[in-house]
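K.L.:
can't give you the sequence, but here's the structure:
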Ligand SMILES: Nc1ncnc2c1ncn2[C@@H]1O[C@H](COP(=O)(O)OP(=O)(O)OP(=O)(O)O)[C@@H](O)[C@H]1O
């Protein structure tokens, strides 16, 4: 077993990861236009009339990654779903603005949303199997996305789908193309979902606990893949994770959410080195002890 994976590192991992040299921005580079910007977004449950998300603000520029961390039920997923235009039926954005590639999403008709989703913004969630049709071979499902969104003919769509399965580093892409979802492992399914999510070359990708259900090695591989796409293609990432090590490694900026509120937000390095809010300190402390437990198990602990 290797300890050099994202969630099985010793205490203080978060800070050590931050100390690793990064790729600094060119000093005089002009600030890029955000692909996605949220301005004080509030989300209300219309059934209970309760406001669930109390004002989220962040900007995501090409090639950057913003992390959202926080306890279960703090509103991370609702925030992401709002940005994707897929809030559950009785939830509504009741204040603030979301601007996607320069367009205020409040002005979008359903048809325009269909064009933007996949092509401008895309997402990968935790449970890949539930997003695939169990009765259709996975390659055909990706090819269908390509045919519909890019208007490619059947043969060209197939070729492109195999290219994408190669790009997400599936070992035998031709074989995988012809397999059904139940024939693939969780890690392979998540790669297939990422292939589908990047099929139409979106500018932003939301990864909402996309690696949570995977074992640590596969998790690290998937995160590396997303990071590579980010550096190579300028894909902008929103990474929702309960794991601070993931955020420390991949995100330029982090938002810490608790009970629908952003309690702390800033450059990842400074938030994790010098947390200002008690809740952020608690998350870091919990992470460190969790990391230590994992480091000791199983060989050293026995
Ligand atoms: N489809 C839904 N129907 C009813 N309530 C919902 C729905 N989705 C979310 N909620 C409620 O909204 C609140 C925020 O949920 P959300 O899924 O955004 O939290 P989260 O931070 O992503 O949590 P987790 O880490 O568990 O995914 C929670 O109280 C949740 O119960």
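P.N.:
It's in. None of the values given here were measured: they were computed from a predicted structure. Numbers count the residues shown, from 1 in each chain.
K.L.:
how about the contacts made by the most centrally placed residue in the chain?
P.N.:
Nearest residue to the geometric centre of the chain (CA atoms, centre = their mean): residue 207, 1.6 Å. By CB atoms under 8 Å, 6 or more residues apart in numbering, the contact list for residue 207 reads 123, 124, 226, 237, 238, 239, 240. Backbone N, C-alpha and C define where each C-beta goes, glycine included.
K.L.:
now swap in residue 177 and tell me
P.N.:
137, 138, 139, 140, 158, 161, 162, 165.
K.L.:
and it, what pLDDT?
P.N.:
Model confidence at residue 177, given as pLDDT, is 97.
K.L.:
how about residue 20?
P.N.:
With respect to pLDDT, residue 20 has a value of 43.
K.L.:
same check on residue 42?
P.N.:
At residue 42, pLDDT is 98.
K.L.:
ok, it touching residue 97?
P.N.:
No. Residue 42 is not in contact with residue 97 according to CB atoms under 8 Å; the separation is 10.5 Å.
K.L.:
neighbour count for these two, which is higher?
P.N.:
Neighbours per residue (other CB atoms under 10 Å) separate residue 42 from residue 97, with residue 42 holding more: 18 against 14.
K.L.:
with adjacent residues omitted, what lies nearest to that one?
P.N.:
residue 95 (4.1 Å; CB to CB, 6 or more residues apart in numbering).
K.L.:
contact partners of the helix or strand encompassing the one you found?
P.N.:
In this assignment (DSSP states H and E), residue 95 forms part of strand 91-100. Contacts to strand 91-100, defined as CB under 8 Å, 6+ apart, come from residues 34-46, 51-52, 55-57, 78, 81-83, 87, 104-106, 116, 120-121, 204.
K.L.:
those also near the ligand: which ones?
P.N.:
With CB under 6 Å from any ligand atom as the criterion, the contacts of strand 91-100 include 52, 78 near the ligand.
K.L.:
in the stretch 151-300 of the chain, what residue spans correspond to strands?
P.N.:
Residue ranges of the strands in the stretch 151-300 of the chain, as given by DSSP state E, counting those that start in this stretch, are 204-208, 236-240, 253-258, 261-267.
K.L.:
pairing partners for the last one, with directions?
P.N.:
For strand 261-267, the paired strands and their directions (DSSP bridges) read strand 253-258 (antiparallel).
K.L.:
other residues contacting the partner strand?
P.N.:
For strand 253-258, using CB under 8 Å, 6+ apart, the contacting residues are 56, 58, 64-71, 74-76, 79, 247, 262-268, 271-272, 277, 279-280, 283.
K.L.:
of those, buried ones?
P.N.:
The neighbour-count criterion (16 or more other CB atoms under 10 Å) marks 56, 58, 64-70, 74-76, 79, 247, 262-266, 268, 271-272, 279-280, 283 among the contacts of strand 253-258 as buried.
K.L.:
show me what the one helix or strand residue 55 maps to is packed up against.
P.N.:
Residue 55 is part of strand 50-60, with elements assigned from DSSP H and E. Applying 3 or more CB pairs under 8 Å, 6 or more residues apart in numbering; DSSP states H and E, one finds that strand 50-60 makes contact with strand 36-45, helix 76-84, strand 91-100, strand 236-240, strand 253-258, strand 261-267.
K.L.:
and among these, the most buried is which?
P.N.:
strand 236-240 (a mean of 25; mean count of other CB atoms under 10 Å).
K.L.:
name the helices or strands packed onto that one?
P.N.:
Secondary-structure packing of strand 236-240 (3+ CB pairs under 8 Å, 6+ apart): strand 50-60, strand 65-70, helix 76-84, strand 204-208, helix 216-233, helix 244-250.
K.L.:
would you mind giving the ones you listed as TSV with mean pLDDT added?
P.N.:
Below are the helices and strands packed on strand 236-240 laid out as TSV (pLDDT from 0 to 100):
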stretch	mean pLDDT
strand 50-60	97
strand 65-70	96
helix 76-84	96
strand 204-208	95
helix 216-233	87
helix 244-250	85
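K.L.:
which one of the ones you listed lies closest to residue 178?
P.N.:
Relative to residue 178, the nearest member of the helices and strands packed on strand 236-240 by CB to CB is helix 216-233, separated by 22.1 Å.
K.L.:
kindly report the residues of the stretch 1-150 of the chain close to the ligand.
P.N.:
52, 70, 72, 73, 74, 75, 76, 77, 78, 88.
K.L.:
sorry, back to before: which pLDDT value goes with the residue nearest to residue 42?
P.N.:
On the pLDDT scale, residue 95 is placed at 97.
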